[in-house]
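>>> below are the sequence and a predicted model for it; my questions follow.
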Amino acid sequence: MSSNLTSDEIAPMENQNVPVEQVRNWLALPCDLMLLILMKVGSFGILESAQFVCKVWYTLCKEPVLWRIIHIRNIEFDPDMLLVYEKMVFNAIDRSAGGLIGLSIEGFGSDELCSYIPSQSSQLKHLRLANCNDISFDKALVEALKKLSSLEELELTLCDFEKGAPVSVINSCPCLTTFKFNNLGSKSPYVNNDEEALAIAASMPQLRHLQLIGNNMTNVGLTAILDSCLRLQSIDLRACYHLDLEGDLGKRLSEQIKDLRHPYDSTQDYNFPTTEDDHDDRYHDYWQYVSKYLDCFYPEPDSCDVYHSYDY
């Protein structure tokens, strides 16, 4: 971060004996400015610590404007923590006071939470669910989506769907402009399926951005999408191994779609596995990263002079 301070201004700051009258009083900042700062930092990261530091900050962290976008991840996939994370989402939704516009949850969820979201967040525009396998998508999610009339963007990544549930979900939100529906792709010739692609073509004419990583559709399904979703600007077809884009369909895609990701394009910027084969390898690498990250904050006993017991 660059600084506009001059050497004359920096020198007194380096002196530990700075007169009290020269010390900036951050509590004197206007509340509106403090809210802008806290919105950049994120409420969850400072709410608990703020109550021990500053009553003003703790009060500001409860302002509904700071809870318009919520993103909570259960990265450990710890079943004992499912209710804890779920309670956090309930509390965060309550703090938003009806102003929630973006919600992303990963690794947990329930039918009760699905029912609660539309009842308290009618203005929700962006909803993301990843690895949420305890939700009945054909019932609870479908009912929730029917009530979220302001929803513009929906992402469902690696969720365990019941048979027929994806089509029911797709039919429940025809006004989406962005739809991300990602699964584990397969190269087996026996698992191709155009049901979801045909449902998208029939139910989502307003789409501008579509991500279907790991989808098992064929050229039939993709052609139907291109015929019906005429406003599409971007489409992500990585790991869609049943598509053949060598002929006329590939040429049409490049002419009709501005931002195109092909079936065999790199997935380095995608944080999830794309096939059953790389599922274990991807998560092994992911946990190696998490372990290194945790070691920075929770060192082993023999790597530091003073060791404290931490509750992970």
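Arrived safely, thanks for sending.

>>> so who does D236 touch?
Neighbouring residues of D236 by Cβ atoms under 8 Å, 6 or more residues apart in numbering: K180, L210, Q211, L212, I213, R261. From N, CA and C alone the C-beta is placed, and that goes for glycine too.

>>> likewise D227?
Per Cβ under 8 Å, 6+ apart, neighbours of D227: A201.

>>> just the CA trace of whichever helix or strand it is part of, in PDB.
Assigning secondary structure by DSSP states H and E places D227 in helix 219-228. C-alpha atoms of helix 219-228 as PDB (Å, rounded to 0.1, in the frame of the first residue of the first chain):
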ATOM      1  CA  ASN A 219     -24.600 -31.600 -28.600                       C
ATOM      2  CA  VAL A 220     -28.400 -31.900 -28.600                       C
ATOM      3  CA  GLY A 221     -28.700 -30.200 -25.200                       C
ATOM      4  CA  LEU A 222     -26.100 -27.500 -26.000                       C
ATOM      5  CA  THR A 223     -27.800 -26.700 -29.300                       C
ATOM      6  CA  ALA A 224     -31.200 -26.300 -27.500                       C
ATOM      7  CA  ILE A 225     -29.600 -23.800 -25.100                       C
ATOM      8  CA  LEU A 226     -28.100 -21.700 -27.900                       C
ATOM      9  CA  ASP A 227     -31.400 -21.700 -29.800                       C
ATOM     10  CA  SER A 228     -33.400 -20.500 -26.700                       C
END
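
>>> average pLDDT for the following helix or strand past that helix?
On the C-terminal side of helix 219-228, the nearest following helix or strand under DSSP H and E is strand 234-236. Averaging pLDDT along strand 234-236 gives 98.

>>> in the next helix or strand after strand 234-236, what's buried?
Sequence order places helix 248-256 as the next helix or strand after strand 234-236, per DSSP H and E. If you call a residue buried by 16 or more other Cβ atoms under 10 Å, then helix 248-256 has these buried ones: L253.

>>> with only the CA atoms kept, save helix 248-256 in CSV.
Extracted in CSV, the C-alpha atoms of helix 248-256 (Å, rounded to 0.1, in the frame of the first residue of the first chain):
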residue,chain,number,x,y,z
ASP,A,248,-20.5,-26.5,-37.0
LEU,A,249,-21.5,-26.4,-33.3
GLY,A,250,-18.1,-25.2,-32.3
LYS,A,251,-18.1,-22.5,-35.0
ARG,A,252,-21.5,-21.3,-33.9
LEU,A,253,-20.4,-21.2,-30.3
SER,A,254,-17.4,-19.0,-31.1
GLU,A,255,-19.6,-16.6,-33.1
GLN,A,256,-22.5,-16.4,-30.7
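
>>> so what touches whatever helix or strand comes next after it?
Moving toward the C-terminus from helix 248-256, the next helix or strand (DSSP H and E) is strand 259-261. By Cβ under 8 Å, 6+ apart, the residues outside strand 259-261 that reach it are Q233, S234, I235, D236, L237, R238, L253, S254.

>>> pLDDT (mean, whole number) over strand 259-261?
Strand 259-261 shows a mean pLDDT of 97.

>>> who are the contact partners of S186?
Taking Cβ under 8 Å, 6+ apart, one finds N216, Y241, T275, E276 in contact with S186.
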